[in-house]
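Asks: Sequence first, then the predicted structure, then my questions.
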Amino acid sequence: MTQPEGERPSDGQNEERSGRVVALIPAAGRGVRLGLERPKAFVELNGRTLLARSVAAVRASGVVDEVVLVVPPELVDVVRGEHPETTVVAGGAERSDSVRAGLAAAGDADLILVHDAARALTPPSSFTAVVEALRGGRDAVVPGLPVVDTLKRVDADGTVRDTPARGTLRAVQTPQGFAADVLRRAHAGAAEATDDAGLVEALGVPVQVIDGDALAFKITAPHDLRLAKLLLAGEEIG
């Protein structure tokens, strides 16, 4: 049976696609939990900011045509000077506001990656893998790692209600990748969300999980920053 024009197959698997790839890096968060005065994305690791490391990984992947950085309004001019090869726009009060600002700057992108600047050690291969899955026809792709700890679901009082089977659970990372029209629909009028894939799931679009990478952990608290510094201890400064 012929698929009607303009409709997507219900299983989320389309024919192989080409087109322009844009990576959005929301970097407007204040990083309160790190306990530092500067925004989290501008904290330095071995002489390079989390944002600069994220941009370098995207570029090194070789699969992204344009990078859009979404930063605090007061830092737009500074970041434009430091990253002239990117498009830089002002972010909003919440993460979703920043993603939508990035979407507005993404132009005629066919595929969009959303990557947290706080996952600054994410290797270029993660970007490549997500784009390859999108090129293969998936509408939404996220990297994830199997959960190794036993998890408990609790109520408001902290009483355990059940223990999910961890074999079916994944700790989701970024970059998360989407067909551009799907992500735009997911964010149209959407409330605040910390996970773009969750908004896409709400549309009924299947989200494919691929293998993540342990280096793509999120630098959120001081101990994460210490771990990142230890991992980079042998890196040449520059």
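Replies: Noted; the coordinates are in hand. Treat the numbers as computed from the prediction; the structure is a model and nothing was measured. Numbers count the residues shown, from 1 in each chain.
Asks: where do the helices sit along this structure?
Replies: Along the chain, counting by DSSP state H, helices occupy 50-61, 76-82, 95-105, 124-135, 180-187, 196-202, 222-231.
Asks: Now tabulate these in TSV and tack on mean neighbour count and distance to Arg153.
Replies: For every residue, glycine as well, the C-beta is placed using N, CA and C. Output for those, formatted as TSV (neighbours: other Cβ atoms under 10 Å; distance: least, Cβ to Cβ, whole Å):
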stretch	mean neighbour count	distance to Arg153
helix 50-61	21	32
helix 76-82	15	41
helix 95-105	20	25
helix 124-135	20	29
helix 180-187	20	26
helix 196-202	19	17
helix 222-231	14	25
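Asks: Rebuild those helices as CSV, extending it with distance to Leu215.
Replies: Putting those into CSV (distance: least, Cβ to Cβ, whole Å) gives the following:
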stretch, distance to Leu215
helix 50-61, 10
helix 76-82, 24
helix 95-105, 22
helix 124-135, 8
helix 180-187, 25
helix 196-202, 20
helix 222-231, 7
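Asks: which stretch among those comes nearest Val142?
Replies: Of all these, it is helix 196-202 that lies closest to Val142, at 4.9 Å by Cβ to Cβ.
Asks: about what we covered before: looking at the helices of the chain, which is closest to Asp155?
Replies: Using Cβ to Cβ, the helices of the chain put helix 196-202 closest to Asp155, at 21.8 Å.
Asks: Can you name every helix or strand that the closest one contacts?
Replies: Under the contact criterion of 3 or more Cβ pairs under 8 Å, 6 or more residues apart in numbering; DSSP states H and E, helix 196-202 touches strand 140-146, strand 176-179, helix 180-187.
Asks: Tabulate these (TSV), appending mean pLDDT and distance to Lys152.
Replies: Below are those laid out as TSV (pLDDT from 0 to 100; distance: least, Cβ to Cβ, whole Å):
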stretch	mean pLDDT	distance to Lys152
strand 140-146	98	17
strand 176-179	98	26
helix 180-187	96	30
